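A.B. asks: With the sequence up front, the predicted model follows.
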Amino acid sequence: MRASFIHIADTHLGYEQYGVRERFNDFSRAFWDIMQEALDRQVDFVVIAGDLFNKRAIDAQTLIHAIEGLKRLKQHGIPVLAIEGNHDRSYYRDGISWLQFLCHQEYLMLLAPRMRDGAPQLTPWEPDTMLGSHVDLLNGRLRVYGLPWQGAATVRSMEGLAQALEAARDQEDADGVHYRLLMMHTGIEGIVPRIQGLPSMAQFQPLRSYVDYLALGHVHKPYEFDGWIYNPGSTETCGAEESAWEDRGYYFVEIDTDDPERIIDP
């Protein structure tokens, strides 16, 4: 079965760069343009790999702009799946983030697995709790996993996730899952030297056997590796160095769930 999706991250809605209100609007326009692209291309779903917002406490105008983009997809029945980035998390451990609010309003599905001893637990996403590691799409043939920002615990969480995916493989096959997409809000060490403390490429490799498309966010520079790791970069320029990073913003991806090794159009 052929399918298509758009992968974005790091939209940073609400960023009033340099204190200029027009820059605030630029970030929203970039997001709206991509949501319109999703409609024009009639994609099957959209994934947002963290940092939809620029900060945890947003103003009303930022929320309105987020809804203006997302409601277009909701009206046309296009699912949006998201994870929280480091900029999206609520201030307090028991607080509600604005992404959770958007999830409550059914503008997106926010993937947030329960953690046990530092390892994600693989359970279907439940709308009443807004918890769960994955959602199945395309009549169950495609499974989207999500692991939000883990900070210093990222490597440990990745190790636990690889073990959990290995244990779940037989059940996935029994469930008819043919394609696996994983969203993570983290980057790869060395892509941007000034960003420290990210996992190395070697630390991502245990996931390779269980993930067909790894949708990353966090690092604003676009990059891809080995036909399975993809990072679209930020949708709008957040700093001077980013102006030199071309082909940045989003991926439009066409896949064949019966041939996971083949990405038709990344």
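C.D. replies: Thanks, I have the structure now.
A.B. asks: What ranges in this structure fall below the confidence cut-off?
C.D. replies: Where the chain drops to pLDDT under 70, the residues are 91-94, 260-266.
A.B. asks: That one: strands as residue ranges?
C.D. replies: 2-8, 45-48, 80-82, 109-110, 115-116, 119-120, 134-137, 142-147, 179-185, 213-217, 223-225, 229-231, 251-256, 263-265 (DSSP state E).
A.B. asks: Would you reformat the ones you listed as CSV and include distance to residue 58 and mean neighbour count?
C.D. replies: Where C-beta positions appear, they are placed from N, C-alpha and C, glycine not excepted. Shown next, in CSV, are the strands of the chain (distance: least, C-beta to C-beta, whole Å; neighbours: other C-beta atoms under 10 Å):
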stretch, distance to residue 58, mean neighbour count
strand 2-8, 18, 21
strand 45-48, 15, 25
strand 80-82, 15, 26
strand 109-110, 16, 22
strand 115-116, 26, 12
strand 119-120, 27, 22
strand 134-137, 25, 19
strand 142-147, 21, 26
strand 179-185, 18, 26
strand 213-217, 18, 26
strand 223-225, 28, 15
strand 229-231, 24, 22
strand 251-256, 26, 19
strand 263-265, 34, 13
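A.B. asks: Please report how far the closest residue to residue 250 other than its chain neighbours lies from residue 110.
C.D. replies: Setting aside the residues directly before and after it, residue 250 is nearest to residue 8 in space (C-beta to C-beta, 6 or more residues apart in numbering), at 4.5 Å. Using C-beta to C-beta, to the nearest Å, residue 8 is found at 15 Å from residue 110.
A.B. asks: Over to residue 137?
C.D. replies: 15 Å.
A.B. asks: right, so of the strands of the chain, which gets closest to residue 162?
C.D. replies: Nearest of the strands of the chain to residue 162, taken as C-beta to C-beta: strand 119-120 at 9.6 Å.
A.B. asks: Quick one: list the elements packing against that closest one.
C.D. replies: In this structure, strand 119-120 makes packing contacts with helix 154-175, judged by 3 or more C-beta pairs under 8 Å, 6 or more residues apart in numbering; DSSP states H and E.
A.B. asks: tell me what the helix it packs on is packed against?
C.D. replies: Helix 154-175 packs on strand 119-120, strand 142-147, strand 179-185, helix 201-204, going by 3+ C-beta pairs under 8 Å, 6+ apart.
A.B. asks: tell me the angle of it relative to strand 142-147?
C.D. replies: With axes from the mean of the first three to the mean of the last three C-alpha atoms, to 10 degrees as the basis, helix 154-175 and strand 142-147 are set at 160 degrees to each other.
A.B. asks: Distance from the chain centre to helix 154-175, please.
C.D. replies: 18 Å (C-alpha atoms, centre = their mean, to the nearest Å).
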